[in-house]
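> coordinates only, sequence not included:
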């Protein structure tokens, strides 16, 4: 693991998810580094077959680093619902199917939650890879609850059914300005930025 803070001259975002990339770029810009995307190198996404968020995030960052020989950053994130034994969890994106239809995924959550507790949390795991021996992981979580029907068309993924604690609106209704102060990804990025000083 990385022990010393290290200046990053350039970094590759190991993601093909436009929503994630849009949220990640403002924070990565604070590192004053040149930013590349995985698609700039015509890279496909590696198979996410890890057993948890950390394994999947590292798999993506390692894959892009190995292909580009550049420092890479990956995010593996999802919605966790304790009363559904942690589902959808690492399968959050896969529940939306090949067409990335999150209306379908949200309906699946609603059907499975019938009369169960609706407490939930979003988790984001950021993995940065310099090499096989130099990598670092940062974790952020935000707790809240699930509502139905979905509300709002901002954000992406399960945002229209997730209400963060202390708020009465879903992530799908809250502005980016607010979301970019409280989200799971923001919490993880604050830890990353603090690490790099």
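That came through, no problem. In this text, all values refer to a predicted model and were calculated from it rather than measured experimentally. Numbers count the residues shown, from 1 in each chain.

> neighbours of residue 42, just the number please.
7 (other CB atoms under 10 Å). For every residue, glycine as well, the C-beta is placed using N, CA and C.

> pLDDT at the residue sitting nearest the centre point of the chain, what is it?
Centroid-nearest residue in the chain, with CA atoms, centre = their mean: residue 77, separated by 3.4 Å. Looking at residue 77, its pLDDT stands at 95.

> Now do the phi/psi pair for it.
Backbone torsions of residue 77, given as degrees, to the nearest 10, read phi -140, psi 170.

> And the contacts of the lengthiest helix in the chain?
Using DSSP state H, we find that the single longest helix of the chain is helix 53-68. Applying CB atoms under 8 Å, 6 or more residues apart in numbering, the external contacts of helix 53-68 come out as 12, 14-15, 36, 38, 41, 43, 45-46, 48-50, 70-78, 89-90, 123, 125-132, 135, 137, 139.

> try stretch 78-92
Outside stretch 78-92, the residues that touch it by CB under 8 Å, 6+ apart are 48, 50-53, 56, 76-77, 93-95, 105, 108-109, 112-113, 116-123, 146, 157-158, 162.

> now stretch 94-101: mean pLDDT?
pLDDT averaged over stretch 94-101 gives 92.

> what about residue 132, which SS state?
Recorded secondary structure, residue 132: coil (DSSP: H, G, I helix; E, B strand; the rest coil).

> Which stretches in the protein count as helices?
Ranges of helices in the chain, per DSSP H, are 18-28, 53-68, 102-112, 176-182, 184-195.

> pLDDT of the longest helix of the chain, averaged?
On average, helix 53-68 scores 97.

> and what of stretch 168-186?
94.

> What are the contacting residues of it?
Contacts for stretch 168-186 (CB under 8 Å, 6+ apart): 20, 23-24, 26-27, 75, 77, 121-124, 126, 140-142, 147, 150-155, 158-164, 167.

> which residue sits farthest out from the middle of this protein?
Note on the chain: the largest C-alpha distance from the chain mean falls to residue 115, namely 28.0 Å (CA atoms, centre = their mean).

> how about the helices of the chain in TSV, adding distance to residue 85?
Output for the helices of the chain, formatted as TSV (distance: least, CB to CB, whole Å):
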stretch	distance to residue 85
helix 18-28	25
helix 53-68	16
helix 102-112	10
helix 176-182	26
helix 184-195	20
